[in-house]
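Give me a model of this one.
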Amino acid sequence: MQLRYNFRVYPTPVQRIALAQAFGCARVVYNDNLHAREAAHAAGLKLSDTELQRRVVTEAKRTPERAWLAGVSSVVLVQACQDARAAYRNWFDSLSGKRKGPKLGKPRFRSRKDHRQAIRLTRNGFTVRANRKLYVAKIGELKVAWSRELPSEPSSVTIVKDSAGRYFASFVVTVGDHPLPEVESEVGIDLGLTTFAVLSNGHKIDSPRFLRQAERRLKKAQQCLSRKEKGSQNRVKARVRVAKAHARVADTRRDWSHKHSTRIVRENQAIFVEDLCVRGLARTRLAKSVHDAGWAMFTRMLEEKAARFGRRFGRVDRWFPSTRLCSVCGVVGESKPLHVREWTCTCGVVHDRDLNAARNVLAAGLAESRNACGEAVSPAA
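Predicted coordinates:
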């Protein structure tokens, strides 16, 4: 299994200039590669990846217009060509149906105004020195804030500059599966907005609402930005302050999701969640709250960690009536609006809306996982 380990890096002012040059060269080579592919397709020509790389890198360095490409490591330029190749391959595979998931659009050209700038290097372009600094070809030794040790030798590293002006080193490492000791507990999870998650065992996780808590600070920073003159240095500084405020919210939400997902995976042998249509919910009047909750990120973390630590993870069909179904007698009631938090079944049992849904999600997940034929099974089975 391959994982990414991200660490903050602190380049010197001279290294920042060198990194900016590397970002720009990689961006130009990527765009030239896309342009060459489009021109070849329009002319009805078939160019190999080697020929494209020779044109946009090797031959381009010999021209006066692209002579400055020789100022950065060739590894950066080659990897930019590989990124363009991968973008086109993913697009064609998506059109033909070979690639699963949502349809991908045509690769777009990169801009120097993009919020994220990055370069990628393979093993012959970087080393981790004995002094615990990261050496990058034609950049120098970068100071790294090591928060943990790398489990193995990294195969590649990506140097990233985000919209807040922070620099990160993202290492790709290979790790083995580490199954946790088996436990007897199994849990179903019902996700919500008022309460972030209700577990079938009765445990509730309150919604942190990180964006709502930071709205006042974000509003003031955005108002300050709107008053600055376009093109001025004061506007650049104000934009960075807004980006840092948003980055603080995103980092806090990600850290919170990591902690709770790790705890759930450690304490339960099987985890089942409802397959919510987050993209559809994000187009309703609850869009800001849905994005602030981060359901997709949380469930993705649960799935990845369950696979790594030997746990079972499953998704229950989004059309399963988990809220209307009585977890005691199995009777499906009428549709209930969001303000109804408790309801009484015909069998006389009073249900908490979210807890009942979590129990039904667990029952449906267990029934589906124990179905040998792969067909839908009633939770009562």
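
Low-confidence stretches in this protein?
For the chain, applying pLDDT under 70 flags the ranges 369-381.

centroid residue for it?
Geometric centre of the chain, nearest residue: Met297, 6.8 Å, by CA atoms, centre = their mean.

helix or strand right after whichever helix in the chain runs longest?
Scanning the chain for the helix with the most residues, using DSSP state H, yields helix 233-267. Per DSSP states H and E, the first helix or strand lying C-terminal to helix 233-267 is strand 270-274.

how close does Lys103 sit to Trp256?
32 Å (CB to CB, to the nearest Å). (C-beta placed from N, C-alpha, C; glycine too.)

in the stretch 151-300 of the chain, which spans are helices?
210-213, 215-226, 233-267, 278-281, 287-293, 295-308 (DSSP state H, counting those that start in this stretch).

JSON lines please, covering these and showing distance to Asn6.
What follows is the helices of the stretch 151-300 of the chain, written out as JSON lines (distance: least, CB to CB, whole Å):
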{"stretch": "helix 210-213", "distance to Asn6": "19"}
{"stretch": "helix 215-226", "distance to Asn6": "24"}
{"stretch": "helix 233-267", "distance to Asn6": "10"}
{"stretch": "helix 278-281", "distance to Asn6": "24"}
{"stretch": "helix 287-293", "distance to Asn6": "22"}
{"stretch": "helix 295-308", "distance to Asn6": "15"}
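
which residue sits closest to Arg235, ignoring its sequence neighbours?
Closest residue to Arg235 apart from its sequence neighbours, by CB to CB, 6 or more residues apart in numbering: Lys228 at 3.6 Å.

Would you double-check that Ser111 falls in a strand?
No - counting by DSSP: H, G, I helix; E, B strand; the rest coil, Ser111 falls outside a strand, being coil.

Same drill for Lys103 and Trp256, tell me which one is more crowded.
Trp256 (16 against 9; other CB atoms under 10 Å).

To Ala86, which of the helices of the stretch 151-300 of the chain lies closest?
Nearest of these to Ala86, taken as CB to CB: helix 295-308 at 21.2 Å.

is it true that the residue nearest to the centre of the chain touches Asp255?
No - applying CB atoms under 8 Å as the test, Met297 and Asp255 come out as separate, 11.4 Å apart.

Relative to Ser289, how far out is the nearest residue to the residue nearest to the centre of the chain once chain neighbours are set aside?
Sequence neighbours aside, Ser257 is the residue nearest to Met297 in space, at 5.6 Å (criterion: CB to CB, 6+ apart). Ser257 sits 16 Å away from Ser289, going by CB to CB.

Val290: neighbour count?
Around Val290 there are 20 residues (other CB under 10 Å).

That one is in contact with Ala282, isn't it?
Yes - between Val290 and Ala282 there is a contact under CB under 8 Å: 5.0 Å.

Touching stretch 163-177 from outside, list them.
Contact with stretch 163-177 is made by 1-11, 16, 19, 115-116, 134, 142, 144, 150-162, 240, 243-244, 246-247, 307-310, as judged by CB atoms under 8 Å, 6 or more residues apart in numbering.

could I have it exported to PDB, CA atoms only?
C-alpha atoms of stretch 163-177 as PDB (Å, rounded to 0.1, in the frame of the first residue of the first chain):
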ATOM      1  CA  SER A 163      -2.500  29.500  -1.500                       C
ATOM      2  CA  ALA A 164      -1.400  30.700   2.000                       C
ATOM      3  CA  GLY A 165       2.300  30.700   0.900                       C
ATOM      4  CA  ARG A 166       3.200  27.600   2.900                       C
ATOM      5  CA  TYR A 167       5.600  25.000   1.500                       C
ATOM      6  CA  PHE A 168       5.100  21.300   2.000                       C
ATOM      7  CA  ALA A 169       7.000  18.100   1.100                       C
ATOM      8  CA  SER A 170       4.800  15.200   0.200                       C
ATOM      9  CA  PHE A 171       6.600  11.800   0.200                       C
ATOM     10  CA  VAL A 172       5.200   8.700  -1.400                       C
ATOM     11  CA  VAL A 173       6.200   5.700   0.700                       C
ATOM     12  CA  THR A 174       5.300   2.000   0.700                       C
ATOM     13  CA  VAL A 175       3.800   0.500   3.900                       C
ATOM     14  CA  GLY A 176       2.500  -2.900   4.700                       C
ATOM     15  CA  ASP A 177      -0.900  -3.700   6.200                       C
END
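
And that stretch, what's buried?
For stretch 163-177, a neighbour-count test (16 or more other CB atoms under 10 Å) marks Ser163, Ala164, Arg166, Tyr167, Phe168, Ala169, Ser170, Phe171, Val173 as buried.

quick one: which of those residues is nearest Val56?
Ser170 (24.8 Å).

Leaving out chain neighbours, which residue sits closest to the closest one?
Thr158 (4.4 Å).

so what's the one you found up against?
Ala118, Ile119, Arg120, Leu121, Ala169, Ser170, Val172.

what sits opposite the last one in the beta ladder?
Each beta-bridge partner of Val172 is listed here, defined by DSSP bridges: Arg4, Ser156.

distance of it from Asn6?
In terms of CB to CB, Val172 sits 11 Å off from Asn6.

rewinding a little: okay, the angle between the longest helix of the chain and helix 215-226?
Helix 233-267 and helix 215-226 are oriented at 150 degrees to each other (axes from the mean of the first three to the mean of the last three CA atoms, to 10 degrees).

by contact count, what packs against helix 233-267?
When contacts are defined as 3 or more CB pairs under 8 Å, 6 or more residues apart in numbering; DSSP states H and E, helix 233-267 sits against strand 186-191, helix 210-213, helix 215-226, helix 295-308.

Identify each buried residue in it, please.
235, 238-240, 242-243, 245-246, 249, 253, 256-257, 260-261, 264-265, 267.

No further queries at this time; thank you.
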